[in-house]
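Chemist: Have a look at this fold, sequence not included:
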């Protein structure tokens, strides 16, 4: 199987399972990955997804061997921007959060997949870079758009133009990585996912969607959208339930 799934309570761990090619993605793998995230988003019992890779690497990008062998037939790009991305889910805006748990190489398209996730965790082995620069492979899974939004134009252009490698510590300093993990990356990602899953989900998902949809809006329009979506959350009753729990605890920290 190119993709494996493990469900732990209300968390799904989706693993790219092609360790022999550092989890490079060919067309069948991209289709499996897209379907896995589509099912996650539609499943009311699942709250958070973790994306990771097998065998000590996250993802080394597109499978260039597959492209070289039979690029037109097996790896044909879909020109419709509203369909699946070349590496799978990179054109999807999910309604729920995804955490990238990164060990080893997260380069080229693998970097783009990491940027697509909401939060990125990395261990000390993690390596990031636009390695596809040296092979004439463009960033077409959102890398030229998401990377500058995460780390700023200057740093993004440096990475994109030079193809240089950065380690987990530098990625953390850039703001590309949110957490550096000293222990088991999968275990730590699961703990973070469970914490996120413990919050009232209607409010959490609404605030998350406001961030994504409002990012490129004029401020006044984004504020109006935020108010409208926030009002919907309040009307759902979730806010009142939370206020009652707060009052019952007399303002103490709720677990």
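Modeler: Received it, and whenever you're ready, just let me know what you need. Quantities reported herein were computed from a predicted structural model and do not represent experimental measurements.
Chemist: Centre of the chain to the longest helix anywhere in the chain, how far?
Modeler: Criterion DSSP state H: the longest helix present in the chain is helix 219-236. Its chain's C-alpha centre and that of helix 219-236 lie 25 Å apart, by Cα atoms, centre = their mean, to the nearest Å.
Chemist: per-residue confidence averaged over the helix or strand just after it?
Modeler: Counting by DSSP states H and E, the element after helix 219-236 in chain order, helix or strand, is helix 238-248. For helix 238-248, mean pLDDT rounds to 85.
Chemist: Stretch 61-81 now?
Modeler: Mean predicted confidence for stretch 61-81 is 66.
Chemist: again, but for stretch 109-118
Modeler: Per-residue pLDDT over stretch 109-118 has a mean of 98.
Chemist: Pull the residues that contact that stretch.
Modeler: 23, 25, 51, 53, 58-62, 86-90, 97-100, 102, 106, 120, 128-130, 132, 139, 141-143, 146-147, 150, 176, 208 (Cβ atoms under 8 Å, 6 or more residues apart in numbering). All C-beta atoms are positioned from the backbone trio N, CA, C, and that covers glycine.
Chemist: Quick check on these: which are buried?
Modeler: Buried by 16 or more other Cβ atoms under 10 Å: 23, 25, 51, 53, 58-62, 86-90, 97-100, 102, 106, 120, 128-130, 132, 139, 141-143, 146-147, 150, 176, 208, out of the contacts of stretch 109-118.
Chemist: How far does stretch 43-54 sit from its chain's centre?
Modeler: That offset, for stretch 43-54, works out to 10 Å (Cα atoms, centre = their mean).
Chemist: quick one: buried residues of that stretch?
Modeler: Judged by neighbour count using 16+ other Cβ under 10 Å, the buried positions of stretch 43-54 are 46-54.
Chemist: Now for these: which two are most distant?
Modeler: 47 and 54 (23.5 Å; Cβ to Cβ).
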